[in-house]
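Trainee: Turn this into a model:
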Amino acid sequence: MRQTRQTGDPLLVALGVPRPERVADELAIRELVRLERLWRDVGEWDNVAECFTDEAVIRTTWFEGNAKEFALQSKVMAEHGRHSKHPIDPIYVLIDGERALVESRAQIQNRSELDGVWFDMTQYVRFFSRVRRTEAGWRLASFEGIYEKGTIAPVNPDDSLPFDWAEVESSTTRTSYRLWAWSMSRRGYTVPDDRLGDDDPDGVQRFYAAERAWLGGRS
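Mentor: Take a look at the predicted model:
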């Protein structure tokens with residue numbers, strides 16, 4: 001991977017201390033990631049779209065397309081009662097010149113009701129993005145979910161979950177986001193079987209390799 005040359009105090013460079021401008025870039029990217037999820041959660045749809053470049057492709061369990069359409073369809077989903085929250089923690093940023101990669105640990109949290117029983121669902125996921133420096137600052141140039149596992153529990157522990165597990169299993173062959181696919185299918189969304197997930201480690205490693213190649217300017 002091509003490394004951006006560091007200048008400044010030779011001792012600090014030898015110790016691996018990043019230049020102030022590099023620290024500022026990393027903080028800006030981390031803040032961009034956090035704000036995009038916050039603005040989606042609170043319904044600031046125009047701000048969500050502004051976090052991305054015009055050519056960015058967004059892929060989630062329920063959506064694939066550009067940023068403006070993602071913001072619009074997220075708004076439609078919220079208006080139909082699907083209000084998920086997305087606590088997020090950027091865990092690393094790699095910067096190479098005008099490009100960067102950022103990966104974050106996150107949760108998608110949702111409270112739903114079925115046949116009078118309220119239950120909480122959590123989808124554990126890593127969000128991954130290419131990032132580009134633009135005239136307006138750093139912007140997300142892609143958005144991918146790498147799905148880990150899902151959990152579900154009734155709000156009232158005395159309640160039984162009102163569904164047959166066979167129905168959940170039939171929603172997708174993908175164990176990393178099976179519960180989420182079942183939940184989305186009940187709302188009329190089609191969830192593909194080709195999303196990135198820890199149940200397909202070879203696919204995840206191929207994805208990482210392609211993203212590192214992009215960072216180094218090889219794609």
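Trainee: so which strand or helix has the closest residue in space to Gly137 that isn't next to it in sequence?
Mentor: Of all residues not flanking Gly137 in the chain, Ala28 sits nearest, at 6.5 Å (C-beta to C-beta, 6 or more residues apart in numbering). The C-beta positions use only the backbone N, C-alpha and C, and glycine is treated the same way. Using DSSP states H and E, Ala28 sits within helix 20-42.
Trainee: circling back to that earlier point, for the residue nearest to Gly137, report the pLDDT, please.
Mentor: Model confidence at Ala28, given as pLDDT, is 97.
Trainee: The one 5 residues further on now?
Mentor: Among the per-residue scores, Val33 holds a pLDDT of 98.
Trainee: what does Thr7 give?
Mentor: Value for Thr7, per-residue pLDDT: 50.
Trainee: on that earlier part again, buried stuff in the helix holding Ala28?
Mentor: Neighbour counts over helix 20-42 (16 or more other C-beta atoms under 10 Å) mark 25-26, 28-30, 32-34, 36-41 as buried.
Trainee: just stretch 117-135 next, same as before
Mentor: Buried residues in stretch 117-135 (16+ other C-beta under 10 Å): 119, 121-133.
Trainee: what's the average pLDDT for the helix or strand containing Val125?
Mentor: Under the criterion of DSSP H and E, Val125 resides in strand 117-134. Taken as a whole, strand 117-134 carries a mean pLDDT of 97.
Trainee: ok so, going back, with distance to Tyr92 added, can I get the buried residues of helix 20-42 in CSV?
Mentor: Formatted as CSV, the buried residues of helix 20-42 follow (distance: C-beta to C-beta, whole Å):
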residue, distance to Tyr92
Asp25, 13
Glu26, 9
Ala28, 15
Ile29, 10
Arg30, 10
Leu32, 14
Val33, 11
Arg34, 14
Glu36, 17
Arg37, 17
Leu38, 20
Trp39, 22
Arg40, 22
Asp41, 23
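Trainee: what's the most distant pair in those?
Mentor: The largest distance within the buried residues of helix 20-42, taken as C-beta to C-beta, falls between Asp25 and Asp41 and amounts to 25.3 Å.
Trainee: Let me see the ranges of the strands in the protein.
Mentor: 52-59, 64-65, 88-96, 99-114, 117-134, 137-154 (DSSP state E).
Trainee: how long is stretch 112-122 end to end?
Mentor: Distance across stretch 112-122, first residue to last, is 11 Å (C-alpha to C-alpha, to the nearest Å).
Trainee: what comes into contact with it?
Mentor: The contact list for stretch 112-122, computed with C-beta atoms under 8 Å, 6 or more residues apart in numbering, reads 107-111, 150-156, 159-163, 179-180, 183, 186.
Trainee: How far off centre is that stretch?
Mentor: Relative to the centre of its chain, stretch 112-122 is centred 24 Å away, using C-alpha atoms, centre = their mean, to the nearest Å.
Trainee: same question, stretch 56-70
Mentor: Worked out by C-alpha atoms, centre = their mean, stretch 56-70 lies 11 Å from the chain centre.
Trainee: Over to it now: how far is its first residue from its last?
Mentor: Start-to-end, stretch 56-70 (C-alpha to C-alpha) is 11 Å.
Trainee: Any idea which residue is closest to the centre of the chain?
Mentor: What sits nearest the mean C-alpha location of the chain, by C-alpha atoms, centre = their mean, is Phe127, with 2.9 Å.
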